[in-house]
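> Need a 3D model of the sequence below.
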Amino acid sequence: MKRISPERKAATLAKLLPPYNMTVSAVAQMEGISEATLYNWRSQAKAEGKPVSGAEETAG
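Alright, predicted model coming up:
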């Protein structure tokens, strides 16, 4: 498993926020990571007090 730099994680998470407001599934697919990984990164960022998307994705 390769390590992702903190800068790349931050840039990836930024795609979930305005002005992009992309979905978790779209960002995960574009970045070549699993949705679970992206949700984990988002949870970690939230725990660190960083801005994260609050909207949960719904199936459909």
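
> Spit out the contact partners of the spatially most central residue of the chain.
Within the chain, one residue has its C-alpha closest to the average C-alpha position: by Cα atoms, centre = their mean, that is Leu13, at 3.8 Å. Counting by Cβ atoms under 8 Å, 6 or more residues apart in numbering, Leu13 touches Leu38, Trp41, Arg42, Ala45, Lys50, Val52. All C-beta atoms are positioned from the backbone trio N, CA, C, and that covers glycine.

> Show the buried residues in these.
Neighbour counting with 16 or more other Cβ atoms under 10 Å marks Leu38, Trp41, Arg42, Ala45, Val52 as buried within the contacts of Leu13.

> my guess is the fourth one meets Val52, correct?
Yes - the pair formed by Ala45 and Val52 meets the contact definition of Cβ atoms under 8 Å, at 5.1 Å.

> any weak-confidence spans in this structure?
Low-confidence segments of the chain, defined by pLDDT under 70: 1, 54-60.

> returning to what we had before: in strands, which of the buried ones among the contacts of Leu13 appear?
Taking DSSP state E as the definition of strands, those contribute nothing to them.

> Off-centre distance for the helix with the most length in the chain?
Residue-count comparison of every helix in the chain, with assignments taken from DSSP state H, identifies helix 35-47 as the longest. Relative to the centre of its chain, helix 35-47 is centred 6 Å away, using Cα atoms, centre = their mean, to the nearest Å.
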